[in-house]
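S.K.: Fold the following.
(2 chains)
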There are 2 protein chains.
Amino acid sequence: MNRGGLADTMAALGAAARKAQRALGVSPHARRQAALGAAARELRARAADILAANAADLAAAGDRPAAFRDRLALDPARIAAMADGLEAIAARPDPLGVVDQAWRREDGLAFERVRVPLGVIAVIFESRPNVAADAAGLCLKAGNAVILRGGSESRRSVAAILEAVRAGIAEAGLPADAVQPVPTQDRAAVGHLLTMTEHVDLLIPRGGRSLVERVAAESRVPVLGHLMGLNHCYVHAGADRDMAVRIVVNAKMRRPGICGATETLLVDRAVADSHLPAIAAALAEAGCRLRGDPAARAIAPTMEPAAAGDWDTEWLDAVIGVRVVAGLDEALAHITAHGSGHTEAIITGDAAAAARFLDEVDAAIVLHNASTQFADGGEFGFGAEIGIATGRIHARGPVGAEHLTSYKYRVRGNGHVRP
Amino acid sequence: MNRGGLADTMAALGAAARKAQRALGVSPHARRQAALGAAARELRARAADILAANAADLAAAGDRPAAFRDRLALDPARIAAMADGLEAIAARPDPLGVVDQAWRREDGLAFERVRVPLGVIAVIFESRPNVAADAAGLCLKAGNAVILRGGSESRRSVAAILEAVRAGIAEAGLPADAVQPVPTQDRAAVGHLLTMTEHVDLLIPRGGRSLVERVAAESRVPVLGHLMGLNHCYVHAGADRDMAVRIVVNAKMRRPGICGATETLLVDRAVADSHLPAIAAALAEAGCRLRGDPAARAIAPTMEPAAAGDWDTEWLDAVIGVRVVAGLDEALAHITAHGSGHTEAIITGDAAAAARFLDEVDAAIVLHNASTQFADGGEFGFGAEIGIATGRIHARGPVGAEHLTSYKYRVRGNGHVRP
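M.R.: So this is what the prediction gives:
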């Protein structure tokens, strides 16, 4: 496609999204719920078509690594899970119209702050085609139009999924253009999305670090992104040993590759002798490589030596760094220096230490006596998530439909003028 | 200053802000209140020094227009107002530590969403030196460090004001570097602020449209900006005539130059004959020029003819565009096409029409039977405002201390692991 043609295509896409959003944004919740339900039915009804499209994507992906192909692959269970996800989103309360503040002045002027849609959201994602259904469902729920751009490897699958979703929206009497795929794989299309400030209100990149960094570096549209989950489990002097073993093993090894996985274990010197051998043995038994600082290796000599860069490494794998710290202050300083502000956990029976950790650690999610793997919108009860935001602006942590809203103020007077 | 020197200066400023914010962010509210109170006292105690600095700024501004010099000028009353503002900010409730959501899962895992500081905020502003005190006070209240960059025309005044504020912060035992002026007027310093993503979490431009547009176009840091207030008063068929006259005159003429001023008047055809002559006469008597469409001029022939571009013009002056519309649908369409999403008002006794207007108009502030000039953080009861945000991300409308916060999730378990 030539440049002018692409610019026109993208502008038309944006204008159609804006127009569809205006209708969607004032639609009753029952109609948005009906659209989500119909989209779920269409996904199930078109499962064979979607699987055929996915088979074509997989054939084209030929010699890519197994993990890549697994992320790309759909099967009947994954399609059913997408449909179930849309129904779960439908079942949750309406995030729009919620009055989250209300007050009245002495002169009778009455104020309400009410939740409204954000507008038009662009989602740029990689690999997993099911992201398309989740993202479309969450945007739809909150009255937002969405423009989706998946990776070229999943383009046939994503197109088939979004056709089903669009059919469901139309069946419910809402504009199908509330959900639109970018109709070309031209890489320059992403550049347009990043600069279409007139047509796009928020950009959500969902994928690897290079995608998120490119979007953050180039976007003129506000970005809600997820950069890194360099998370810690801190075993405080007051920790129960068995609980520490159970939580640390789960936090690292339940799924080592997710952003909520623990990457570094900090252990108080006071309990290193008593707790660390059991934790290290359980991690090793679960298949985890341990890389310890000298104090940790003095207690558990089977650990590999940690390198200086380990404390800043997001392994996303069955590897953990282990460091012995003098106490709460040193643990807090380590997390301040090396944490990514995603998810941090303390394990302790000491309420004062826990309170200080939860107050002072600056991260989207801080946990006491629970695994970092709870960092997930589903676990938080949001029905689904479009990602986990690691910035501080607009939304932080798991992002569900309610976080894809803005607000406005309704002010009611009786002829009030300002003196 | 050479480029390397400037980069080092700005990086040091950012690092000092980050360090100061860490201490400020975990400080008790009483200490932040003490700092605000001490800053107010220091402003009053140093009034003579601040006025001397301001006199030097005014002397340097020599031949600038009177309106420019008025914005720049301080007097004892304006200094007292700054000090009063800091005390008003101090008196409001703590925006930090507020638990705005809390829930518990069936398995006992307990979630809380709690307000925390945003981090480091950079404020770039023009002309009015008192913005420095308001912005510093609001940031301090919410536990944020702030870096301020005023215009070169006010640099002596701003430096004197911020020295007073910094002295107050230090007296309260908090780090003075929580509030820092950019120590150079080198224009390249602004470029650094816009790209210091490691050290700055949010950028707030406060000034004219060219400043806000430059910041929006170039910033790599998230921006909370105010673009334009192209606001409408819509006199619906159900409006009381006297109320319409009173509100429209106030909305336009109380202060025509503020962003909450009305720029266009829409009048329903059904009441144009009965209401428009009285409104037009009252506006004209108050000194306002009227520019009407043909239907309006047929009723009030003394109006100038409106030009096509009028509906997209933010006059910020004693000028108003006047258009007769067929009814609510046409008024909504006009506002959708020409409004800037700032502040919109309907005047009517018809509750259903008012409800539809308040629901369907997409603006930060929508009013029923009240003047658009209420678009102000002080009028909303926020104590002060750092500006009015016209975007949809993070905060919308008047921005007070509570909007300069983020949140985190505290999660408390008892050995919970994720299945």
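
S.K.: C-alpha only now, for contacts and for neighbours.
M.R.: Noted.

S.K.: Write out the residues of the stretch 151-300 of chain A neighbouring chain B.
M.R.: A:201-202, A:216-217, A:220, A:222, A:243-244, A:246-247, A:250-251, A:254 (Cα under 8 Å from any Cα of the partner chain).

S.K.: and the two most separated of those?
M.R.: Farthest apart among those by Cα to Cα are A:Arg220 and A:Met243. That separation is 46.5 Å.

S.K.: Which of these two has more residues huddled nearby?
M.R.: A:Arg220 (23 against 20; other Cα atoms under 10 Å in any protein chain shown).

S.K.: Pretty sure that one sits against A:Thr195.
M.R.: Yes: A:Arg220 lies in contact with A:Thr195 (Cα atoms under 8 Å); the separation is 5.1 Å.

S.K.: neighbours of A:Ser371, just the number please.
M.R.: 32.

S.K.: Could you verify my assumption that it touches A:Arg254?
M.R.: No: with contacts defined as Cα under 8 Å, A:Ser371 does not count as touching A:Arg254, sitting 9.8 Å away.

S.K.: so what sits against both of those two?
M.R.: Counting by Cα atoms under 8 Å, 6 or more residues apart in numbering or on different chains, the residues touching both A:Ser371 and A:Arg254 are B:Arg418.

S.K.: returning to that earlier point: rebuild the residues of the stretch 151-300 of chain A next to chain B as TSV, extending it with pLDDT and secondary structure.
M.R.: Shown next, in TSV, are these (pLDDT from 0 to 100; DSSP: H, G, I helix; E, B strand; the rest coil):
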residue	pLDDT	secondary structure
A:Asp201	95	coil
A:Leu202	96	strand
A:Ala216	84	helix
A:Ala217	85	helix
A:Arg220	90	coil
A:Pro222	91	coil
A:Met243	98	helix
A:Ala244	98	helix
A:Arg246	98	helix
A:Ile247	98	helix
A:Asn250	98	helix
A:Ala251	98	helix
A:Arg254	97	coil
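
S.K.: I'd like to know which of those are buried.
M.R.: The neighbour count (16 or more other Cα atoms under 10 Å in any protein chain shown) marks A:201-202, A:216, A:220, A:222, A:243-244, A:246-247, A:250-251, A:254 as buried among those.

S.K.: Can you add distance to A:Ala60 and give these back as JSON lines?
M.R.: Shown next, in JSON lines, are those (distance: Cα to Cα, whole Å):
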{"residue": "A:Asp201", "distance to A:Ala60": "34"}
{"residue": "A:Leu202", "distance to A:Ala60": "32"}
{"residue": "A:Ala216", "distance to A:Ala60": "30"}
{"residue": "A:Arg220", "distance to A:Ala60": "33"}
{"residue": "A:Pro222", "distance to A:Ala60": "34"}
{"residue": "A:Met243", "distance to A:Ala60": "47"}
{"residue": "A:Ala244", "distance to A:Ala60": "46"}
{"residue": "A:Arg246", "distance to A:Ala60": "43"}
{"residue": "A:Ile247", "distance to A:Ala60": "41"}
{"residue": "A:Asn250", "distance to A:Ala60": "36"}
{"residue": "A:Ala251", "distance to A:Ala60": "36"}
{"residue": "A:Arg254", "distance to A:Ala60": "32"}
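
S.K.: Distance of the one residue in the stretch 51-200 of chain A that gets nearest to chain B relative to A:Ser340?
M.R.: Shortest the stretch 51-200 of chain A-to-chain B distance, computed as Cα to the nearest Cα: residue-wise this is A:Leu118, at 6.1 Å. Using Cα to Cα, to the nearest Å, A:Leu118 is found at 27 Å from A:Ser340.

S.K.: before we move on, the earlier item: contacting residues for the residue of the stretch 51-200 of chain A closest to chain B?
M.R.: A:142-144, A:201-202, A:404-406, B:392-393.

S.K.: of those, buried ones?
M.R.: Buried among the contacts of A:Leu118 by 16+ other Cα under 10 Å: A:142-144, A:201-202, A:404-406, B:392-393.

S.K.: So which of those residues belong to helices?
M.R.: For the buried ones among the contacts of A:Leu118, not one is inside helices, with DSSP state H as the criterion.

S.K.: which pair in the residues you listed spans the largest distance?
M.R.: A:Gly143 and B:Ile393 (15.1 Å).

S.K.: what ranges do the strands span in the stretch 151-300 of chain A?
M.R.: For the stretch 151-300 of chain A, the strands defined by DSSP state E, counting those that start in this stretch occupy A:179-181, A:202-206, A:231-235, A:262-268, A:289-292.

S.K.: out of the ones you listed, nearest to A:Leu109?
M.R.: strand A:202-206 (33.0 Å).

S.K.: thinking again about what came up before, need the buried ones among the contacts of A:Leu118 in a markdown table (columns: distance to B:Asn54).
M.R.: A markdown table is the format used below for the buried ones among the contacts of A:Leu118 (distance: Cα to Cα, whole Å):
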| residue | distance to B:Asn54 |
| --- | --- |
| A:Ala142 | 50 |
| A:Gly143 | 50 |
| A:Asn144 | 49 |
| A:Asp201 | 41 |
| A:Leu202 | 42 |
| A:Leu404 | 45 |
| A:Thr405 | 44 |
| A:Ser406 | 40 |
| B:Arg392 | 37 |
| B:Ile393 | 36 |
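
S.K.: List the contacts of A:Leu74.
M.R.: A:51, A:54.

S.K.: ok, now how distant is the residue in the stretch 251-400 of chain A positioned nearest to chain B from B:His394?
M.R.: Scanning the stretch 251-400 of chain A for proximity to chain B using Cα to the nearest Cα identifies A:His394 as nearest, at 3.7 Å. The spacing between A:His394 and B:His394, counted by Cα to Cα, is 4 Å.

S.K.: Kindly report the same for A:Arg22.
M.R.: 20 Å.

S.K.: before we move on, what about A:Asp359?
M.R.: In terms of Cα to Cα, A:Asp359 sits 23 Å off from B:His394.

S.K.: neighbour count winner among these two?
M.R.: Per other Cα under 10 Å, whichever of A:Asp359 and B:His394 has more neighbours is B:His394, with 22 against 18.

S.K.: buried sites along stretch A:251-260?
M.R.: A:251-256, A:259-260.

S.K.: no wait, stretch A:362-376
M.R.: A:362-376.

S.K.: tell me the mean pLDDT over that stretch?
M.R.: Averaged across stretch A:362-376, pLDDT comes to 97.

S.K.: Could you export that stretch as PDB, CA atoms only?
M.R.: Output of stretch A:362-376 as PDB, limited to C-alpha atoms (Å, rounded to 0.1, in the frame of the first residue of the first chain):
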ATOM      1  CA  ASP A 362       6.500   1.500  45.900                       C
ATOM      2  CA  ALA A 363       4.900  -1.100  43.600                       C
ATOM      3  CA  ALA A 364       1.600  -1.700  41.900                       C
ATOM      4  CA  ILE A 365       0.900  -4.700  44.100                       C
ATOM      5  CA  VAL A 366       2.400  -5.400  47.500                       C
ATOM      6  CA  LEU A 367       1.500  -8.600  49.300                       C
ATOM      7  CA  HIS A 368       1.800 -10.000  52.800                       C
ATOM      8  CA  ASN A 369       2.000 -13.800  53.200                       C
ATOM      9  CA  ALA A 370       0.800 -14.500  49.600                       C
ATOM     10  CA  SER A 371       2.500 -15.400  46.300                       C
ATOM     11  CA  THR A 372       3.500 -12.800  43.800                       C
ATOM     12  CA  GLN A 373       1.700 -15.000  41.200                       C
ATOM     13  CA  PHE A 374      -1.600 -13.500  42.300                       C
ATOM     14  CA  ALA A 375      -0.700 -10.500  40.100                       C
ATOM     15  CA  ASP A 376      -3.500 -11.100  37.700                       C
END
